[in-house]
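K.L.:
turn this into a structure:
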Amino acid sequence: MRIRDIKLLAQTTWALRAYLKKPMTVSRAMDDIKKRMDGREDNFLALAQKAFYDNQASPYRKLLLWAGCDYADLRDSVKRRGLEKTLQKLKDEGVYITLEEFKSKVPISRNGLTVDTCESDFDNPLVEGTGFQYTTSGSRSKGTDVRYNWDFISEEAANELILYEIHGLSHSPLAFWLPVLPCVSGIHNFLMNIRFRRPPDRWFSQLGTDGVWVSRKHRRSMNNILLSCRILGLSVPRPEFIDIDSAVKVARWMEATQKNKGSCVVRTYVSSAVRIVKAALDNGIDISGGVIFTGAEPLTPNRAEFISSAGVKALPRYVATETGLIAASCGKGDYPDGMHIYLDRLAIIQRTRETIVGGHKVDAFLLTSLLRNAGKILLNTDIGDFGGLTVRPCDCLFGQLGMDVHVSGVRSYDKLTCEGMSLLGSQLYDTVGEVIEDAGGSPDDYQFWETHDDSGLAKLVVAVNPKLRGLNGEKFTLAILDKLRGKNLHITSQLWEQAKVLQLVRAYPEMTKGFKLLQITQQPQSHA
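P.N.:
As a prediction, the model looks like this:
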């Protein structure tokens, strides 16, 4: 080991030692969350003063002052109207950030105001200390870089611990089926869990670490974290490569664990959860009584029904790299995908808008940060999702803490998500367009059909004009995946290739009654 590597290992170990010094307990988690809930308005105002008004470069500062709202006005409105009503008023006055503006695809443009931005303009200038830099899965060609520090992950760990406690799973054997670095989801969950001494018993990963696209830096970071945990006396597993077609191995772990220890929990993507259940049903494996925490994709009614057909409980979580934890299920809602918004961390309202692709009307979520340790700062910011919001009491621990806002039917209005990986629909459309153009076609010669099989596994069918000859199905999909790799979307490309997400059919693209070509359409269930 080189001296530089030894120094990096020492730095990781020192940081982890401080992070793990005082284990998170249920009582401490409850106290921390209650304190944050009681101080929501004050926390927001303190963040706004330092991150917006004292930060000359902040695009939010420019928006707020354009709307005639200085800090005294904001403070008075929050104290008089409350936080959410103030955010609604600001939204009505033009103080919000669209998805396109947040991704810096277009300038912020309001009547008499134009602000050119780059994505780093939304970084939190108050983040202190060491931590980790994560990258989103690919809503842009290079993804969005977000920095988390240890305090931020510790705050999230309190919410996660209460989630386990609500479902009676604090001591149940746990496995991850989540990718390792450079993908964020696995290490994010791991770091939260070790904060309250709940590392997984097994860590299955859909990605191997031997790909040429996995940098030495990511391999070293992964190894340093695991080795540092062991140096500090924490028993942690080494990730095992289990590709998407080998879900039966995870199902067998669930069966053996449920039989020997009476319970088990898996944390994975929705599509991977479906694959585990399908493998169990196809191979006569009994995983009934198991619990799967799902995320990254919608837990649609047919997916929830399919998972429950094996006697498994699916519990959704809502997380975004830009925000960290957003919401999670207590299991008592009216919908299988109903979740409590983590109001200690975020405020949420909605804004009706048209989608980028298709021009549909949706009630998009606008999120606002409340805590100073967030990597990105949001103020009425659209991250590309929409769904239903309701306010109702609940007698679970989340409800007792005052988290009475519930979300359901969460969907991404301009992103295509399969196998836990997301791309903007417009980006994938342009990527496929490059392949079509190489074959002599035009933008009117293809269309995406979103579909799914009986179990709820998503597929992206590319309908190509039958007049366009010379396209071989397998070569066509490989060419698309190669284009994605060329845009630094290696993880998405690898997982979509494993899952055979992309398919080619020869069919005339569908038109609206007004003879407008739809780029993406919903198609009936596929039985392929």
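
K.L.:
got the residue ranges for the helices in the stretch 151-300 of the chain?
P.N.:
Under the criterion DSSP state H, counting those that start in this stretch, the stretch 151-300 of the chain carries helices at the ranges 184-195, 216-231, 247-261, 270-282.

K.L.:
save these as JSON lines, and put in distance to residue 439 and mean pLDDT too.
P.N.:
Where you see a C-beta, it was placed from the backbone N, CA and C, and this is true even at glycine. Shown next, in JSON lines, are the helices of the stretch 151-300 of the chain (distance: least, C-beta to C-beta, whole Å; pLDDT from 0 to 100):
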{"stretch": "helix 184-195", "distance to residue 439": "35", "mean pLDDT": "92"}
{"stretch": "helix 216-231", "distance to residue 439": "35", "mean pLDDT": "86"}
{"stretch": "helix 247-261", "distance to residue 439": "35", "mean pLDDT": "95"}
{"stretch": "helix 270-282", "distance to residue 439": "29", "mean pLDDT": "91"}
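
K.L.:
let's have those helices in JSON lines, adding mean neighbour count.
P.N.:
Below are those laid out as JSON lines (neighbours: other C-beta atoms under 10 Å):
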{"stretch": "helix 184-195", "mean neighbour count": "22"}
{"stretch": "helix 216-231", "mean neighbour count": "16"}
{"stretch": "helix 247-261", "mean neighbour count": "19"}
{"stretch": "helix 270-282", "mean neighbour count": "24"}
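
K.L.:
what's the closest of the ones you listed to residue 411?
P.N.:
helix 270-282 (12.3 Å; C-beta to C-beta).

K.L.:
against which helices or strands is the closest one packed?
P.N.:
helix 247-261, strand 265-269, strand 291-295, helix 301-308, strand 313-320 (3 or more C-beta pairs under 8 Å, 6 or more residues apart in numbering; DSSP states H and E).

K.L.:
6 Å instead, please
P.N.:
For helix 270-282, the elements it packs on are helix 247-261, strand 291-295, helix 301-308, judged by 3 or more C-beta pairs under 6 Å, 6 or more residues apart in numbering; DSSP states H and E.

K.L.:
wait, which of the ones you listed is closest to residue 399?
P.N.:
So among these, strand 291-295 is nearest, using C-beta to C-beta, at 19.3 Å.

K.L.:
by how many degrees do that closest one and strand 265-269 diverge?
P.N.:
Put simply, strand 291-295 runs at 20 degrees to strand 265-269, going by axes from the mean of the first three to the mean of the last three C-alpha atoms, to 10 degrees.

K.L.:
partners of strand 291-295 in the sheet?
P.N.:
In the sheet, strand 291-295 lines up against strand 265-269 (parallel), strand 313-320 (parallel) (DSSP bridges).

K.L.:
contacts for stretch 253-267?
P.N.:
169, 172-176, 189, 285-287, 289-293 (C-beta atoms under 6 Å, 6 or more residues apart in numbering).

K.L.:
pull the contacting residues for residue 50.
P.N.:
Per C-beta under 6 Å, 6+ apart, neighbours of residue 50: residue 126.

K.L.:
use 434 as the first number from now on
P.N.:
Sure thing, new numbering starts at 434, so read that last one as residue 483.

K.L.:
the closest residue to residue 658 other than its chain neighbours: neighbouring residues, count only.
P.N.:
Spatial nearest neighbour of residue 658, excluding adjacent residues (C-beta to C-beta, 6 or more residues apart in numbering): residue 445 at 6.2 Å. Using other C-beta atoms under 10 Å, residue 445 has 21 neighbouring residues.

K.L.:
ok, residue 539 next?
P.N.:
Residue 539 has 12 neighbours, counted by other C-beta under 10 Å.

K.L.:
try the one 4 residues further on
P.N.:
Taking other C-beta under 10 Å as the criterion, the count of residues near residue 543 is 15.

K.L.:
tell me what it is bridged to.
P.N.:
Bridge pairing for residue 543 - DSSP bridges - gives residue 546.

K.L.:
about what we covered before: thought the residue nearest to residue 658 was touching residue 661?
P.N.:
Yes: using C-beta atoms under 6 Å, residue 445 and residue 661 qualify as a contacting pair, with a distance of 4.7 Å.

K.L.:
which residues do the two both contact?
P.N.:
Joint contacts of residue 445 and residue 661 (C-beta under 6 Å, 6+ apart) do not exist.

K.L.:
one step back: tell me which of the helices and strands packed on helix 703-715 sits nearest to residue 497.
P.N.:
strand 724-728 (33.0 Å).

K.L.:
so that closest one versus helix 680-694, what angle?
P.N.:
Using the same axes, to 10 degrees: strand 724-728 against helix 680-694 is 140 degrees.

K.L.:
now do strand 724-728 against helix 734-741, angle only.
P.N.:
150 degrees.

K.L.:
centre of the chain to strand 724-728, how far?
P.N.:
Mean-position distance between strand 724-728 and its chain equals 13 Å (C-alpha atoms, centre = their mean, to the nearest Å).

K.L.:
now that strand: buried residues?
P.N.:
By 16 or more other C-beta atoms under 10 Å, the buried positions in strand 724-728 come out as 724, 725, 726, 727, 728.

K.L.:
contact partners of that strand?
P.N.:
Here strand 724-728 makes contact (C-beta under 6 Å, 6+ apart) with 698, 699, 700, 703, 706, 745, 746, 747, 748, 749, 750, 752.

K.L.:
re the thing from before, ok, and for the helix or strand where the residue nearest to residue 658 lies, which residues are buried?
P.N.:
Here residue 445 sits within helix 436-453, counting by DSSP states H and E. Using 16+ other C-beta under 10 Å as the test for burial, helix 436-453 gives 441, 442, 445, 446, 448, 449, 452, 453.

K.L.:
does residue 519 really touch residue 511, like I thought?
P.N.:
Yes: checked against C-beta under 6 Å, the pair residue 519 and residue 511 is within contact range at 5.0 Å.

K.L.:
the two - which one has more neighbours?
P.N.:
residue 519 (25 against 20).

K.L.:
give me phi/psi at the nearest residue to the more buried one once chain neighbours are set aside?
P.N.:
Computed as C-beta to C-beta, 6+ apart, the closest residue to residue 519 that is not its neighbour in sequence is residue 510, at 4.4 Å. Main-chain torsions, residue 510, degrees, to the nearest 10: phi -70, psi -40.

K.L.:
burial count for residue 510?
P.N.:
Counted with other C-beta under 10 Å, residue 510 comes out at 17.

K.L.:
so it is in contact with residue 518, correct?
P.N.:
No: between residue 510 and residue 518 there is no contact under C-beta under 6 Å: 8.1 Å.
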